[in-house]
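> Pasting the sequence and the predicted coordinates here, then a few questions.
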Amino acid sequence: MESIIAAALALAGTLAGSYFANRRSSALIAYRLEALEKKVEAHNNLVERMYQVEERTELQEEKLKVVNHRLQDLERSA
């Protein structure tokens, strides 16, 4: 009878320990996943901003070409 009680207590302790360890592990995984999602979101924002910068750079380069062409035309006519 005592061995059955000891086995039942050991089973209960094992189940409780496993439950709490799994719960803690799940919480840690959820925390890390949330942190990773924030990093990915920041990276995506950076990619979008870089795309906008590239577009503006192309526009400025085109404007610079036009200005240089006009300057050359003025120098030729002078």
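Ah, there it is.

> okay, CA-based contacts and neighbour counts for the rest of this
Noted.

> any weak-confidence spans in the protein?
The chain contains residues with pLDDT under 70 at 78.

> in it, which spans are helices?
2-77 (DSSP state H).

> ok, the most centrally placed residue in it to residue 14 distance?
For the chain, the residue lying nearest the average C-alpha position, counting by Cα atoms, centre = their mean, turns out to be residue 40 (1.3 Å). Distance of residue 40 to residue 14, computed by Cα to Cα, to the nearest Å: 38 Å.

> likewise residue 21?
With Cα to Cα as the criterion, residue 21 and residue 14 are 10 Å apart.

> With residue 75 instead?
Per Cα to Cα, residue 75 is found 90 Å from residue 14.

> Could you do residue 43 as well?
Distance from residue 43 to residue 14, by Cα to Cα: 43 Å.

> repeat for residue 63
From residue 63 to residue 14 the distance is 73 Å (Cα to Cα).

> Repeat that for residue 74.
89 Å.

> CA atoms of stretch 62-76 as PDB?
Provided in PDB are the C-alpha atoms of stretch 62-76 (Å, rounded to 0.1, in the frame of the first residue of the first chain):
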ATOM      1  CA  GLU A  62      18.100  62.600 -63.500                       C
ATOM      2  CA  LYS A  63      17.700  66.300 -62.400                       C
ATOM      3  CA  LEU A  64      21.500  66.600 -62.200                       C
ATOM      4  CA  LYS A  65      21.800  65.300 -65.800                       C
ATOM      5  CA  VAL A  66      19.300  67.900 -67.000                       C
ATOM      6  CA  VAL A  67      21.100  70.600 -65.100                       C
ATOM      7  CA  ASN A  68      24.500  69.500 -66.500                       C
ATOM      8  CA  HIS A  69      23.100  69.400 -70.000                       C
ATOM      9  CA  ARG A  70      21.600  72.900 -69.700                       C
ATOM     10  CA  LEU A  71      24.900  74.200 -68.300                       C
ATOM     11  CA  GLN A  72      26.800  72.700 -71.300                       C
ATOM     12  CA  ASP A  73      24.300  74.400 -73.700                       C
ATOM     13  CA  LEU A  74      24.900  77.700 -71.900                       C
ATOM     14  CA  GLU A  75      28.600  77.300 -72.200                       C
ATOM     15  CA  ARG A  76      28.400  76.500 -75.900                       C
END
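
> Sweet, I'm off.
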